[in-house]
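Student: Mind folding the following:
(chains A, B, C and D)
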Protein chains: 4
Amino acid sequence: MKLPLTGIIPPMVTPLRGRDELDTAGLERLVEHVLAGGVSGLFLLGTTGEGPSLSYRLRRELVERTCRQARGRVAVLVGITDTAFVESVPLARHAAEAGAQAVVLAPPYYLPEGQPELQEYLDHLVPELPLPLFLYNMPALTKVSFEIPTLRRAMDEPRIVGLKDSSGNMIYFHRALALLEHRPDWSLLIGPEELLADALFAGGHGGVNGGANLFPKLYVRLWEAARAGEISRARELHTLIMRVSESLYQIGRHPSAIIKGIKCALNCLGVCDDFMAEPFHRFRAEERQRVEKELVKIEAEIARLGVELNVKGN
Amino acid sequence: MKLPLTGIIPPMVTPLRGRDELDTAGLERLVEHVLAGGVSGLFLLGTTGEGPSLSYRLRRELVERTCRQARGRVAVLVGITDTAFVESVPLARHAAEAGAQAVVLAPPYYLPEGQPELQEYLDHLVPELPLPLFLYNMPALTKVSFEIPTLRRAMDEPRIVGLKDSSGNMIYFHRALALLEHRPDWSLLIGPEELLADALFAGGHGGVNGGANLFPKLYVRLWEAARAGEISRARELHTLIMRVSESLYQIGRHPSAIIKGIKCALNCLGVCDDFMAEPFHRFRAEERQRVEKELVKIEAEIARLGVELNVKGN
Amino acid sequence: MKLPLTGIIPPMVTPLRGRDELDTAGLERLVEHVLAGGVSGLFLLGTTGEGPSLSYRLRRELVERTCRQARGRVAVLVGITDTAFVESVPLARHAAEAGAQAVVLAPPYYLPEGQPELQEYLDHLVPELPLPLFLYNMPALTKVSFEIPTLRRAMDEPRIVGLKDSSGNMIYFHRALALLEHRPDWSLLIGPEELLADALFAGGHGGVNGGANLFPKLYVRLWEAARAGEISRARELHTLIMRVSESLYQIGRHPSAIIKGIKCALNCLGVCDDFMAEPFHRFRAEERQRVEKELVKIEAEIARLGVELNVKGN
Amino acid sequence: MKLPLTGIIPPMVTPLRGRDELDTAGLERLVEHVLAGGVSGLFLLGTTGEGPSLSYRLRRELVERTCRQARGRVAVLVGITDTAFVESVPLARHAAEAGAQAVVLAPPYYLPEGQPELQEYLDHLVPELPLPLFLYNMPALTKVSFEIPTLRRAMDEPRIVGLKDSSGNMIYFHRALALLEHRPDWSLLIGPEELLADALFAGGHGGVNGGANLFPKLYVRLWEAARAGEISRARELHTLIMRVSESLYQIGRHPSAIIKGIKCALNCLGVCDDFMAEPFHRFRAEERQRVEKELVKIEAEIARLGVELNVKGN
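Tutor: Numbering: from 1, shown residues only, chains lettered A, B, ... in the order given. Below you'll find the predicted structure:
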């Protein structure tokens, strides 16, 4: 894995056929689908990947199959976030054995840690990890942020190599960027795709954006345009990504709506099953029809912008 | 287990000797300590029990040893809260096999559910459970409440038999009480010990209060006084419980301070080890000295109120 | 004014006929209505009184007319909360001249103060006030609490004589109660009527409860029962107050629903106009019909409990 | 006033000499200082201007003097946010008479409105206003956002001409930008200066940034660079603005720290008095020394970037 890691790294959905059963054919198609779109890595078992809802057994199977399918073509990053330290470590070891390139960690998310507790936790955990570590800032779900002084301190640990920021707080992102002088090899990656253009113009390295499961090339093209300083092209692509977000992620009323929307759309596109791990459930017929309708419009707009769709799941 | 369950049911700390190792002798002493105090049940693997920080293996060992030690003298309630449905079910089955009387469930606590999603989750989970179920309302940590209409609907399911409310919101508790006409067998139990007196005078059935690990008889006496309508006696005992809370739970600065304070005090009393599961750590010497000093004062006040201390851990 | 102030002090709605016009006849009827119910004071220009939505001119007129109508029969407390210090002081002076007995102050509610700033603010304001001061804790609306150490410090100022706590947080209320040993003349009053019984059994002095605009005797009877240690009678009355809250305060969907419900019900009872100051508006026909229906049921229940209704507005 | 309004519009601090007394000489210097920096407008009585802490009398004096000093060289925008509708309208009328070009309004900020209530409020208020209106989105302080559908609806009212967004939420800002197709004359202005570069690259029209009180040319240069598509120059200037924010706004511990920092720095620069309206107070000697030290560093960096400082207050 070349550092800093740049480009688009989709937070992969986990294709499922049942409560504890992978959709293995769908997984293969999904990996090929996003790789064909030019992504630079795969991030497994994050929020979009429903990581915390899956059994450890299934998580391991997912990591093994994905690494096998990826065949080293891009870096595989594996989420090891867990409320139990003693479960995170074996997940990381398994990821290394399966051939992953890095692990990704958000704070344990039940009882919220103070920052000194979070620092001590990293001090104890990192030496046990066989792979480089990306931090994952997701305070809306973990209730705790890696605050800026904690990030600064984490930079003194060479095995921590970057941050995925899903806070949605661009002021935080700018503060994190200002720290990069201390670690030029660090990657700063943005979670929410609505902020991808902002993050790239500001100097961020890439995006870990849910919509890249669906239209990987759209996000990769935005990354390329921003890199090349093509502001108006970037703004055009960004506007379309806003449309994806406005149309596909707001069909349900609850926070799960984003994942349901992506999985449903992937299923409509023939890529993989849309089964959701409990406590969530796939869209019913009515919502699915709305997804189908929106997909037609979005595909037309993508084509109009001259971005190849690259969707032929089967 | 007689329903409604009444009295004091301590949310037991989990005595540990290491990251994945029980303090088995401490566990035996702790069980005997609280039983000698007159408690009506034991609640394992809640927030105070550091449930989410423990490996499944250790959780199972804890349940087995506690049930064995309790020998049916009181009901054992086992927390099965988990972000993964497919892990909660086997935890519940194991609890039944080990001889527990009920299981306790908070909402899956990573991506927050909408209320319809939470209802559907209960609809799917309850039929898989071999034991009666208590709901556990803990929105500060799970980000989701069992809202009043959801509670009302849960009452139509005979296998759901009560609620432990740790919201700290007494208006919610009063609303839940008003629902009891639909299920006279339901138990309404209060989490925060600072609200135990309020809850009992209002008609609640009992408390699941962290401090009952330390001074079980103090909490049992308050329960008895409130039951008997002895307002001024109850107020006296309540005032002392406020002192426990003010002195022992506010030594650290983070939310973990309560558990650290209880574990440290139990250790000072000779009951069990004060090792904490990651990402938390036991108090250091300075905080421990403050705990010791506060303990002396509290014990004197408890004695002054004529409550037997019942602390001879070893 | 006898200290500590005890009993029920309704946070009076402000009867309006237009955006900047009092319903003066309604105001007279409202004052007589609540006085006939046995209340111990009147609190003007709080949240229920729409204080911040009113012009200073109208606020002054309200204070003058109410003091004149009250004729010293009970204490009149006047809200002087304002974002501008230089406006709070003249409001307090006017209240003194009009014959009020005390003023009531929540923190300035735009840019939130830190606790040291809040303390300094009190240090500067209190010497300018010609009347004793009650603090008003309302963090949901002011974004700032009078934290416990700030309360403790305020007790060293003899002109601060009590606290109205509308936080809804009973743990806070218990902590405030524990401070009373330092100032036996302080009054601790509870805002949310759903917590009135809890507060009284715990040793609180009284309630400032919106529903006492409608059914003053119901709240006064609960106060008396709690004082007399009649737990089951108190519980009965409390249950009915919960019904008032569940039925009349939840007809609208926004935080304004409580005030709208009380004003609408007062209008149905013939007491006063239900005009609301902008940005809010009275209930429309459909909601009003629901209020009327609920009123019939509640009046029947009040009668069944043997509480005189005392509603003859005209 | 040419619409859409573009460029930098400083949210002017209000120079004070006492609790209810303007620093009139300082006000003149401040106006000249920012005009010399090339700003396109002046925004009075916002959060930075301590609007809600000032008496209506002083607010009127400020508006009159500022309009007189500005002599039509740039647009003057006047904040009329108030909890009382009947006070906002005369403030707007006075602004028109004094020669201001527009008024600016955040939601009434005591009891939070639901969106339909907020819409109705605008429907009633706008016809009473003699000047075009900018909306001011500041949910951290008002507790209520102008949600996207409310913005969309506001666009149907031709007298509403723009939005100042101080939410700090760039996703919201992008959604608001997407609405501009309905009103090409609308201005979208960003509040937090840390987000100015993001907002401009995304297509926003300008910034209402506190730091432009101090170094107006720095913010104007960033605006020009972004307009011209000079990404690396813009990034350089943005980095320096981040330094201003990190150094001058974080010296105090409370939300007031930003205003205190700006006023203190303006005083160090000889522009105006640093008196703060209650409940806040100017920095004491220790904090002031830190401000002085940081100013030296920032001025050096500004000079290094070739931006004229334009600070000769006296």
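Student: can you map out the strands along the stretch 51-200 of chain A?
Tutor: With DSSP state E, counting those that start in this stretch as the criterion, the stretch 51-200 of chain A has strands at A:75-79, A:102-105, A:133-137, A:160-165, A:187-190.
Student: Can you give the strand pairings for the last one, parallel or anti for each?
Tutor: Just to be clear, that refers to strand A:187-190. strand A:160-165 (parallel), strand A:206-207 (parallel) (DSSP bridges).
Student: Check what contacts that strand and list those residues.
Tutor: Under the contact criterion C-beta atoms under 8 Å, 6 or more residues apart in numbering or on different chains, strand A:187-190 has outside partners A:3-6, A:9, A:134, A:161-166, A:173, A:176-177, A:180, A:196, A:198-199, A:203-209. Using the backbone N, CA and C atoms, a C-beta is placed for each residue, glycine as well.
Student: how about 6 Å then?
Tutor: Outside of strand A:187-190, the residues within contact range by C-beta atoms under 6 Å, 6 or more residues apart in numbering or on different chains are A:4-5, A:162-165, A:176-177, A:196, A:199, A:204-208.
Student: what does the first one give?
Tutor: Around strand A:75-79, the neighbours that count as contacts under C-beta under 6 Å, 6+ apart are A:1, A:41-46, A:51, A:63, A:66-67, A:70, A:95, A:100-104.
Student: ok, now with 7 Å
Tutor: Contacts to strand A:75-79, defined as C-beta atoms under 7 Å, 6 or more residues apart in numbering or on different chains, come from residues A:1, A:5, A:9, A:41-46, A:49, A:51, A:63, A:66-67, A:70, A:95, A:100-104, A:134.
Student: ok, and the closest non-adjacent residue to A:Arg73?
Tutor: A:Leu35 (6.0 Å; C-beta to C-beta, 6 or more residues apart in numbering or on different chains).
Student: now do A:His281
Tutor: With C-beta to C-beta, 6+ apart as the measure, B:Glu120 is the residue that lies nearest to A:His281, at 6.6 Å, once sequence neighbours are left out.
Student: Enumerate the residues of chain A near chain B.
Tutor: Residues of chain A lying near chain B by C-beta under 7 Å from any C-beta of the partner chain: A:19-20, A:47, A:52-55, A:83-87, A:108-114, A:117-118, A:120-121, A:124, A:141, A:253-256, A:278-281.
Student: What subset of these is buried?
Tutor: Neighbour-count burial within the residues of chain A next to chain B applies to A:19-20, A:47, A:52-55, A:83-87, A:108-114, A:117-118, A:120-121, A:141, A:254-256, A:278-281; the criterion is 16 or more other C-beta atoms under 10 Å in any protein chain shown.
Student: Packing partners of the strand or helix carrying A:Asn267?
Tutor: A:Asn267 belongs to helix A:257-268 when assigned by DSSP states H and E. Applying 3 or more C-beta pairs under 7 Å, 6 or more residues apart in numbering or on different chains; DSSP states H and E, we find helix A:257-268 packed against helix A:285-304.
Student: any idea of the mean pLDDT in stretch A:198-217?
Tutor: The predicted model assigns stretch A:198-217 a mean pLDDT of 98.
Student: In CSV, list the C-alpha atoms belonging to it.
Tutor: C-alpha atoms of stretch A:198-217 as CSV (Å, rounded to 0.1, in the frame of the first residue of the first chain):
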residue,chain,number,x,y,z
ASP,A,198,-14.7,20.5,-0.5
ALA,A,199,-12.2,18.1,1.0
LEU,A,200,-10.3,17.6,-2.2
PHE,A,201,-10.0,21.3,-3.0
ALA,A,202,-8.8,21.8,0.6
GLY,A,203,-6.0,19.3,0.1
GLY,A,204,-7.6,16.0,1.3
HIS,A,205,-6.4,12.8,-0.2
GLY,A,206,-9.6,11.1,-1.1
GLY,A,207,-13.0,9.9,-0.2
VAL,A,208,-14.6,6.9,1.5
ASN,A,209,-18.0,7.5,0.0
GLY,A,210,-21.0,5.2,0.1
GLY,A,211,-22.2,6.2,-3.3
ALA,A,212,-19.0,4.8,-4.8
ASN,A,213,-20.6,1.4,-4.3
LEU,A,214,-23.0,2.4,-7.0
PHE,A,215,-21.3,4.8,-9.4
PRO,A,216,-17.6,4.4,-8.6
LYS,A,217,-16.5,6.2,-11.8
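Student: for A:Glu157, what are its contacts?
Tutor: A:Glu157 neighbours (C-beta under 7 Å, 6+ apart): A:Val126.
Student: any idea how far A:Pro130 is from it?
Tutor: 15 Å (C-beta to C-beta, to the nearest Å).
Student: same thing with A:Ala75?
Tutor: In terms of C-beta to C-beta, A:Ala75 sits 15 Å off from A:Pro130.
Student: Mind checking which of those two has more residues around it?
Tutor: A:Ala75 (21 against 14; other C-beta atoms under 10 Å in any protein chain shown).
Student: Tell me the pLDDT of the closest residue to chain C within chain A.
Tutor: In chain A, the residue that lies nearest chain C is A:Arg253 (15.1 Å; C-beta to the nearest C-beta). You'll see A:Arg253 listed with a pLDDT of 90.
Student: give me phi/psi at it?
Tutor: phi -100, psi -10 (degrees, to the nearest 10).
Student: Tell me who's in contact with it.
Tutor: B:Gly114.
Student: same thing with the one 4 residues further on?
Tutor: Residues near A:Ala257 by C-beta under 7 Å, 6+ apart: A:Tyr249, A:Gln250, A:Ile251.
Student: Could you identify the buried members of those?
Tutor: By 16+ other C-beta under 10 Å, the contacts of A:Ala257 give A:Tyr249, A:Ile251 as buried.
Student: Distance to chain C added to the contacts of A:Ala257, as TSV?
Tutor: Converted to TSV, the contacts of A:Ala257 look like this (distance: C-beta to the nearest C-beta, whole Å):
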residue	distance to chain C
A:Tyr249	25
A:Gln250	20
A:Ile251	23
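Student: from the contacts of A:Ala257, which is closest to A:Arg59?
Tutor: A:Tyr249 (24.7 Å; C-beta to C-beta).
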